[in-house]
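In: Please find the sequence and the predicted model below.
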Amino acid sequence: MQNTTIEPGNTAGARPGSPTRTPVTEFIGVEYSGFDVTDDTQVDRHFEQIKQDLRDRKVIVFRGQSLDEESLERFSRRFGELARSVTETAAGKIDSPVVQHITNLDAEGKPSKTPFVNSNYFWHSDRLFFRNGLGMVLLYGKELPPSGGDTQFADMEAAYDGLSENDRALADSLRIVHSFEYMRLTYMKRPLTEKERAVAPPPMEHPLVRKNPDTGRKGLLLGMYASEVVGMPLEEGRALIARMQEHATSDRFVYTHVWRPGDFVIWNNLSTMHRAIANYDMEGHRRIMIRCAVEARDAIH
């Protein structure tokens, strides 16, 4: 796809020294190059375009960045209030800093095929077990394996549009229960600790189809927290969830990000699902990501 300069309201035409933005798939993703997210003047100039791309393209890849916890937090706060984790660490603490570490390390701090936290390897939108979910997520590759450890993103609005007419009508009529405890038992095979239970909310009911308040587009809400369909027998509901999710994660709706050193990826959490891919030697190489998340502005209706 053709490169364009980042000019708010005018992406046509080149300008010497200007950063560029390149769509990466038909539906989802745009890559920014020649852009420094720590340069306040540059970010201020292009911030409206960045927000528009989060709405329309949903995933932004910034190449060639150099971030630490402080600079990641500083950039992330431009978008709103930052969220805190509800997951207990291997050290027995609730990971409350707004900058979190997402790793493939086990409880002893060693690279592992079964890291202490492995839920990021399953399709999900973050914190759908809250009333608002998360508005966006910002992720920087601090330490990457030599290859692999990719991250996939599914465009849930394009997936909704791609349903049959009958399935769209069905999806529009349904509500789904999203449960942190269900995810922990089903995917991580670990019950909640007392500390986690004290801060995690009870199961939350959301519509299967969310209407984006900024664009009016409809998208599916699915993923590893989706435990049942309201008013439907349990197994029948879970089969429907699995069928809808298989559709939503088919190749035509998915962008696979292959990480390079210096990559910084941000995404619209409620219009996408994502997952890490275990396509590397998890026992031989560390994968350390630093992450911030921004609270959603509105409750999901």
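Out: Received, thanks.

In: residues in contact with Met273?
Out: If you count contacts by C-beta atoms under 8 Å, 6 or more residues apart in numbering, Met273 has them with 123-125, 153-154, 156, 222-223, 248-249. Where you see a C-beta, it was placed from the backbone N, CA and C, and this is true even at glycine.

In: can we see that at 10 Å?
Out: 122-126, 128, 152-156, 159, 219-224, 245, 248-249, 253-254, 267 (C-beta atoms under 10 Å, 6 or more residues apart in numbering).

In: May I have the phi/psi pair for it?
Out: With angles defined as degrees, to the nearest 10, Met273 sits at phi -120, psi 160.

In: partners of it in the sheet?
Out: Met273 forms beta bridges with Ala154, as assigned by DSSP bridges.

In: Where does the prediction get shaky in the stretch 1-150 of the chain?
Out: 1-17, 86-95 (pLDDT under 70).

In: Break down it into its strands, ranges please.
Out: Taking DSSP state E, counting those that start in this stretch, the strands of the stretch 1-150 of the chain run over residues 4-5, 20-23, 30-33, 59-62, 100-103, 134-143.

In: Work out the gap between the fifth one and the centre of the chain.
Out: Okay, so that is strand 100-103. 14 Å (C-alpha atoms, centre = their mean, to the nearest Å).

In: So what touches that strand?
Out: The contact list for strand 100-103 (C-beta under 10 Å, 6+ apart) reads 69, 83-85, 87, 89-90, 95, 109, 111-112, 115-117, 119-120, 139, 142-143, 276, 286-293.

In: Show me how to select, in PyMOL, the buried members of those.
Out: Buried residues among the contacts of strand 100-103 (16 or more other C-beta atoms under 10 Å), as a PyMOL selection:
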select buried, resi 69+83+85+87+89+95+111+112+115+116+117+119+120+139+142+276+286+287+289+290+291+292+293
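
In: Among the contacts of strand 100-103, which lie within helices?
Out: If you go by DSSP state H, the contacts of strand 100-103 have Glu69 in helices.

In: Identify the residues contacting stretch 32-41?
Out: Outside stretch 32-41, the residues that reach it (C-beta under 10 Å, 6+ apart) are 3, 5-6, 17-22, 42-43, 45-46, 49-50, 53, 60-68, 70-72, 74-76, 78, 138, 140, 264, 266.

In: which of the residues in that stretch are buried?
Out: For stretch 32-41, the neighbour count (16+ other C-beta under 10 Å) marks 32, 35, 37 as buried.

In: I'd like to know which of these is nearest to Gly237.
Out: Nearest to Gly237 among the buried residues of stretch 32-41: Tyr32, at 40.4 Å, using C-beta to C-beta.

In: Please name the bridge partners of that closest one.
Out: Applying DSSP bridges, one finds that Tyr32 bridges with Arg21, Phe62.

In: Determine the angle, from 0 to 180 degrees, between whichever helix in the chain runs longest and strand 134-143.
Out: Of all segments of type helix in the chain, defined using DSSP H, the longest is helix 40-56. Interaxial angle, helix 40-56 versus strand 134-143 (axes from the mean of the first three to the mean of the last three C-alpha atoms, to 10 degrees): 120 degrees.

In: Could you export helix 40-56 as CSV, CA atoms only?
Out: What follows is helix 40-56, C-alpha atoms only, in CSV (Å, rounded to 0.1, in the frame of the first residue of the first chain):
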residue,chain,number,x,y,z
ASP,A,40,6.3,16.7,22.2
THR,A,41,6.3,19.2,19.3
GLN,A,42,5.9,16.4,16.7
VAL,A,43,3.3,14.6,18.7
ASP,A,44,1.3,17.8,19.3
ARG,A,45,1.3,18.5,15.6
HIS,A,46,0.0,15.1,14.6
PHE,A,47,-2.0,14.1,17.6
GLU,A,48,-5.4,14.5,15.9
GLN,A,49,-4.3,12.2,13.1
ILE,A,50,-3.1,9.6,15.7
LYS,A,51,-6.5,9.7,17.4
GLN,A,52,-8.3,9.4,14.0
ASP,A,53,-6.1,6.4,13.1
LEU,A,54,-7.0,4.7,16.4
ARG,A,55,-10.7,5.2,15.5
ASP,A,56,-10.5,4.1,11.9
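
In: List the contacts of Asp281.
Out: Here Asp281 is in contact with 104, 111, 113, 145-149 (criterion: C-beta under 10 Å, 6+ apart).
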